[in-house]
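A.B. asks: generate coordinates for the sequence data below:
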Amino acid sequence: MDPNMMNIHNLESPEKLEGWLDFLEAAFKEKGTPRHYFEAHVKNDPEFDPSQVWVVEKDGSILSTLRLFSRRIYVDGDEVTMFGVGEVSTRPDARGQGLASKLLSHVVSVLQDNKQYAIGCLHSSRKHLQEFYGRRGWQSVPVEYADLSATVDSRQLAQTQPSPLLVVHEVDWKNLDHVRAMSSLYECRMSCCNGPVVRRASTLHDLAYWQNWIGLTDGVCGFLAMSSDRQQALAYCLIKTTTAPVCDSPRRIDLAELCYARSHAASRDGPVPGDAASGLATVAATECLRNCFLSCTSTDLQATQQHTAEVVISMPKTLFDDAVFSAALSSLGLVRAEMASRMDNGFMFILLDQSALSGSAQQRVTSAGREEESSQSPAMSKLLAPLVFSRLDLF
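C.D. replies: I've put the predicted structure just below:
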């Protein structure tokens, strides 16, 4: 195909969105991804703008496309601008010509010139695509996950008496007090990590990201623990049921987030001295987890008329190693809990503007650059590891 006959540009006009969605529906048909998935990505993202959609066209027909997602992430305690890449696809009869590669290179070049973003991010679970992006300057930052195989006993979970010091609510995404409480806990927990998306709910625009992008994700279940006087948010937990059980296979649950108030230390019956891992934070986290597990398995238990359900709980290893989570998990007494670890190499990053980073972050990148000359650690791993990135933020 003559490259001179092709046109690379962004959509700019909302009127062209329907044609682009038609293209995505056809391009992803063989993978079974429905059109409403892409429609939700547009509707539920408060940062969406048609100009973030880039296409390769010939004679007015789309041959290849990708979409940018505008985000901010925490790096070294600072907020850094980041673009995500998603909806990458090429028309079947135009594949094998390097169109997606040309498009991605063009877009990255444009973004480097305008310095709108410091970092780019994408995720792919396929090794050949990771290699494809790697050859184009993207670097993998591995994330370790823990898969906990366990038996959930509904009778044992239901026997626990809630603490009089707290009240547990199922998350109501239309309740702004719930959203603001979770946002406060999230910021306290995540702002000191590298990689989490900034979700500060200080404006209606920011609240919309919580309510729509996070809250409208298929399969999300959440619980929020507040102090009994409703003056303080203590913990919240968000779980995504990723796989319904098939025959005798266990239900797979993605424990996406568990955030808690680190400043609280109390026993179930009242304030006591000590650290958060032995105090009210643990009680609140335990209650949130207990309610999430019961909610996720209730349908299975009703269908089988059993009181136990086999589950695989997947979570970032950083969460599994957290003292409060470990104490909460122990309090729940999950039966036959066995843990296996796995690495996800699909998170890939590219650095566009090093000057936008903090001084210490710039030093790590510079140091990694020297090490790369000796075939050692990639710069992005030096910058972001250990990476913390909620799967609810994936694009």
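A.B. asks: in the chain, which spans are strands?
C.D. replies: All strands of the chain, identified by DSSP state E, fall at 7-10, 53-58, 61-75, 78-90, 119-123, 139-140, 143-153, 166-170, 220-227, 233-243, 251-260, 308-316, 335-344, 347-351.
A.B. asks: compare those strands and give me the one nearest V197.
C.D. replies: strand 61-75 (5.2 Å; C-beta to C-beta). C-beta coordinates here come from the backbone N, C-alpha and C atoms, glycine included.
A.B. asks: in that closest one, which residues are buried?
C.D. replies: 62-75 (16 or more other C-beta atoms under 10 Å).
A.B. asks: that one vs strand 78-90, what angle?
C.D. replies: Per axes from the mean of the first three to the mean of the last three C-alpha atoms, to 10 degrees, the angle that strand 61-75 makes with strand 78-90 is 160 degrees.
A.B. asks: output strand 61-75 as CSV, restricted to C-alpha atoms.
C.D. replies: The C-alpha trace of strand 61-75 is given here as CSV (Å, rounded to 0.1, in the frame of the first residue of the first chain):
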residue,chain,number,x,y,z
SER,A,61,-11.7,4.7,5.3
ILE,A,62,-10.0,3.9,8.6
LEU,A,63,-7.3,1.3,8.3
SER,A,64,-5.7,1.5,11.7
THR,A,65,-6.4,3.4,15.0
LEU,A,66,-5.4,4.0,18.6
ARG,A,67,-6.7,6.1,21.4
LEU,A,68,-5.0,8.1,24.1
PHE,A,69,-6.2,8.3,27.7
SER,A,70,-5.2,11.4,29.6
ARG,A,71,-4.2,10.7,33.2
ARG,A,72,-1.9,11.8,36.0
ILE,A,73,0.1,9.4,38.2
TYR,A,74,2.1,9.6,41.4
VAL,A,75,5.9,9.4,41.0
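A.B. asks: let me see the mean pLDDT of that strand.
C.D. replies: Taken as a whole, strand 61-75 has an average pLDDT of 96.
A.B. asks: out of the buried residues of strand 61-75, which comes closest to Q112?
C.D. replies: Closest to Q112, out of all of the buried residues of strand 61-75 and judged by C-beta to C-beta, is L68, at 13.4 Å.
A.B. asks: got a list of what the closest one touches?
C.D. replies: Q52, V53, W54, F83, G84, V85, V107 (C-beta atoms under 8 Å, 6 or more residues apart in numbering).
A.B. asks: how about the helices in the stretch 101-250 of the chain?
C.D. replies: When secondary structure is read from DSSP state H, counting those that start in this stretch, the stretch 101-250 of the chain shows helices at 127-134, 154-159, 176-190, 204-208.
A.B. asks: by mean pLDDT, show me the worst of these.
C.D. replies: Per-segment mean pLDDT for the helices of the stretch 101-250 of the chain reaches its minimum on helix 154-159, at a mean of 77.
A.B. asks: now it: buried residues?
C.D. replies: Within helix 154-159, the residues scored as buried using 16+ other C-beta under 10 Å are S154, Q156, L157.
A.B. asks: could I get the residues you listed as TSV with distance to A340?
C.D. replies: Output for the buried residues of helix 154-159, formatted as TSV (distance: C-beta to C-beta, whole Å):
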residue	distance to A340
S154	24
Q156	23
L157	23
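A.B. asks: domain ranges for the chain?
C.D. replies: 3-142+345-393, 146-171+215-341 (automatic domain parsing).
A.B. asks: worst average pLDDT in these?
C.D. replies: When these are compared by mean pLDDT, domain 146-171+215-341 comes last with a mean of 79.
A.B. asks: for that one, how far is the first residue from the last?
C.D. replies: This stretch, domain 146-171+215-341, spans 4 Å end to end (C-alpha to C-alpha, to the nearest Å).
A.B. asks: check the offset of it from the chain's centre.
C.D. replies: Distance of domain 146-171+215-341 from its chain centroid, counting by C-alpha atoms, centre = their mean, to the nearest Å, is 18 Å.
A.B. asks: nearest to D113, of the buried residues of helix 154-159?
C.D. replies: Of the buried residues of helix 154-159, the one sitting nearest to D113 (C-beta to C-beta) turns out to be L157, at 55.4 Å.
A.B. asks: follow-up on the earlier one: distance to A379 for the buried residues of strand 61-75 - can I get that in TSV?
C.D. replies: TSV is the format used below for these (distance: C-beta to C-beta, whole Å):
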residue	distance to A379
I62	34
L63	33
S64	29
T65	29
L66	23
R67	26
L68	22
F69	22
S70	23
R71	20
R72	20
I73	16
Y74	18
V75	13
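A.B. asks: for the residue lying closest to V167 once chain neighbours are set aside, the count of nearby residues, please.
C.D. replies: Nearest residue to V167 in three dimensions, chain neighbours excluded: M226, at 5.2 Å (C-beta to C-beta, 6 or more residues apart in numbering). Neighbour count for M226, taken as other C-beta atoms under 10 Å: 20.
A.B. asks: contacting residues for M226?
C.D. replies: M226 neighbours (C-beta under 8 Å, 6+ apart): L166, V167, V168, H169, A181, Q232, A233, L234.
A.B. asks: double-check the fourth one against R230; I have them as touching.
C.D. replies: No - distance between H169 and R230: 10.0 Å, which falls outside the contact criterion (C-beta atoms under 8 Å).
A.B. asks: who's more crowded, those two?
C.D. replies: Ranked by neighbour count (other C-beta under 10 Å), H169 and R230 place H169 first, with 17 against 11.
A.B. asks: what's the distance between the more buried one and N212?
C.D. replies: 20 Å (C-beta to C-beta, to the nearest Å).
A.B. asks: for P386, same thing?
C.D. replies: Counting by C-beta to C-beta - P386 and N212 are separated by 29 Å.
A.B. asks: go on, V179?
C.D. replies: 11 Å.
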